[in-house]
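Asks: Structure, please.
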Amino acid sequence: MKYLLRLTLAALCGICGLSVASSLLAGDLAGSRPNIILVLTDDQGYAQLACHGHPWLETPHLDALHARSVSFTDFHVSPTCSPTRSALMTGNHPFKNGVTHTGGGRERLAPSATTLPQHLAKAGYVSGIFGKWHLGDGPGYTPAERGFDEVFIHGSGGITQPMDAPSNTYQDPIVHHNGSFVKTTGFCTDVFFSQALGWIRENRDKPFFAYISTNAPHGPFIAPAGKRKKFQGYGFSSNRGGFYGMVENIDDNVGRLMTCLRDWGLEEKTLIIFMSDNGTTLAGSGSGAVGKRDGVKLSAFHAGLKGGKKSPHQGGTKVPAFFSWKGKLGQGVARNNLTAHIDLVPTLIELAGGEAPEGIDGRSMLPLLEDAGAPWPDRKLFYHIGRWSDKVGPDGSQYDKKPGKAGFAVRSAQYRLINNEELYDIGKDPGETNNLYAQKPEVARAMMDAYDTWWQEVRPFMVNEGVRMTGLDSYRKTCEKQLAEGPLPAWQTPTLP
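Replies: Here you go, the predicted model:
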């Protein structure tokens, strides 16, 4: 019956040009109300995993998670950080959330947006965030005001950044915890996972959403001492060793997470999602030879992808997307459908038994999680680097293609158009080596027409453009005020395996 229903809906979709009503297709998973853990790494990208072909990077726990997951092999996010995070929280394209950049107030999630934890709260979930928020630090924008019950975060876009706590460090960082600052003990990624695990243990008897959002392996590229020593022994530079050491430390913490879930009897009650916020930062991963082990040259690996973070190419937006739920989802299986960050919110709301808002950009992935053959009509996804200057603004940047600052792309299931001058058949040419722009002008024109329509749709939502920004240093100033009153209280480290 389900098969016939899918065929009927697919036929209707083809005739009418409409999206499949995914809630009709995912009856087994809809409303199943698992606990949800989302692990989001910063600047790791797609290729920095052994299970994705990396020849020497050691990620055994993430590889094991991949082997127990439904993995989406054509999953895309935005080319930079805050835009992706806003889409993961709302199900809408970042520009519709007012988020076009990673600083200057343009990273602030529009007050009109309803977030994933706010949706989940209606279904009886409690939510906690551990690590990086980066969607606004001032009054009205903080995660506590956007639906999170537990907040344990650093400030701004990363530890050590100007709007973070003063003189902060990756080792023993200062962290904002539920309204006040604490001094922690340990490497930042270890600290964020430990706090998350302690909170999960306390809330294991109710449905929870744990958002573990590491600032690693974002720069500065500083790994914990043991990992740093390991890569120094291979002759890596400080930056290279710091980057790869942080990736391996994330893997260690995923191993801790999986052990705790097993020991606490939560494996069959919990959906675990792993992804990264944008393509690999090439400033960390490097290119060419990066070191030597046992006399063998070690070279940077990018899985044949072109570009990285802040690029409109595949390497800027393609990331891992593992969905693991013991006893409920397939294990070691892949889906090659074009999926994206905007799809997470409707997926998780439907799992929780709620209803996603009408008109959001994303669609529920539950049909694909249940059935590789589920209908998934083609659509177009849009990307823009968005890092234009305030002087130029968005109206002068629609077609701008300045590397690292602008540039745009359109994806369909088959093609990727870049800057209206490059067109690639991604299925046949995932490395973007054969430019078909001159050979297929009708395809390029149709994609550009769609891009122009999309730009006109999202432009009115860019509410942070051209507005005098205030309170951008609220996080730092609040910390300075507390420091002036005396030493910060010590973080109470959870006792964990």
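
Asks: now Pro139: how far from Thr478?
Replies: Here Pro139 is placed at a distance of 10 Å from Thr478 (Cβ to Cβ, to the nearest Å). Every C-beta, even on glycine, is put in place using the N, C-alpha and C of the backbone.

Asks: who has more neighbours, these two?
Replies: Higher neighbour count among Pro139 and Thr478: Thr478, with 18 against 10, using other Cβ atoms under 10 Å.

Asks: In this protein, which helix is the longest?
Replies: Longest helix in the chain by number of residues (criterion: DSSP state H): helix 238-263.

Asks: What is the subsequent helix or strand relative to that one?
Replies: Remark: after helix 238-263, the chain's next helix or strand is strand 270-276, criterion DSSP states H and E.

Asks: domains for this protein, by residue range?
Replies: Under the assignment automatic domain parsing, the domains of the chain span 23-370, 381-461.

Asks: which SSE is Phe181 in?
Replies: Phe181 is part of strand 180-183, with elements assigned from DSSP H and E.

Asks: What helices and strands are in contact with that strand?
Replies: With contacts taken as 3 or more Cβ pairs under 8 Å, 6 or more residues apart in numbering; DSSP states H and E, strand 180-183 sits against strand 174-177, helix 474-484.

Asks: For those, give me JSON lines that also has distance to Gly304.
Replies: Shown next, in JSON lines, are the helices and strands packed on strand 180-183 (distance: least, Cβ to Cβ, whole Å):
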{"stretch": "strand 174-177", "distance to Gly304": "38"}
{"stretch": "helix 474-484", "distance to Gly304": "40"}
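
Asks: will you turn those into JSON lines that also has distance to Trp56 and mean pLDDT?
Replies: Rendered in JSON lines, the data for the helices and strands packed on strand 180-183 read as follows (distance: least, Cβ to Cβ, whole Å; pLDDT from 0 to 100):
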{"stretch": "strand 174-177", "distance to Trp56": "33", "mean pLDDT": "98"}
{"stretch": "helix 474-484", "distance to Trp56": "38", "mean pLDDT": "97"}
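
Asks: and these, which is most packed in?
Replies: Comparing these by mean neighbour count (mean count of other Cβ atoms under 10 Å), strand 174-177 comes out on top with a mean of 23.

Asks: residues in contact with that one?
Replies: Contacts to strand 174-177, defined as Cβ atoms under 8 Å, 6 or more residues apart in numbering, come from residues 151-155, 165, 168, 181-184, 191, 195, 475, 478-479, 488, 491.

Asks: now for the domains of the chain, which one comes closest to Ala484?
Replies: Nearest to Ala484 among those is domain 23-370; the distance by Cβ to Cβ comes to 10.8 Å.

Asks: out of the domains of the chain, deepest packed?
Replies: It is domain 23-370: most buried of the domains of the chain by mean count of other Cβ under 10 Å, with a mean of 21.

Asks: got any ranges where this protein has weak pLDDT?
Replies: In the predicted model, the chain carries pLDDT under 70 at residues 1-27.

Asks: Where do the helices of it begin and end?
Replies: Under DSSP H, the chain gives helices at 2-16, 60-67, 81-90, 116-122, 188-202, 225-232, 238-263, 282-285, 314-317, 344-351, 366-370, 441-458, 474-484.

Asks: coming back round to it: what distance separates the strand holding Phe181 from the middle of the whole chain?
Replies: Strand 180-183 sits 26 Å away from the centroid of its parent chain (Cα atoms, centre = their mean, to the nearest Å).

Asks: just use 43 as the starting number from now, easier for me
Replies: New numbering, starting at 43: the last item is strand 222-225.

Asks: So what touches that strand?
Replies: Here strand 222-225 makes contact (Cβ under 8 Å, 6+ apart) with 207, 214, 216-217, 520-521, 524-525, 529-533.

Asks: Need the residues you listed in TSV (columns: distance to Pro419).
Replies: Below are the contacts of strand 222-225 laid out as TSV (distance: Cβ to Cβ, whole Å):
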residue	distance to Pro419
Ala207	47
Asp214	50
Ile216	48
Val217	44
Thr520	47
Cys521	48
Gln524	52
Leu525	54
Pro529	58
Leu530	53
Pro531	53
Ala532	54
Trp533	48
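
Asks: Out of the residues you listed, the closest to Arg501 would be?
Replies: The shortest approach to Arg501 among the contacts of strand 222-225 belongs to Thr520, at 33.9 Å (Cβ to Cβ).
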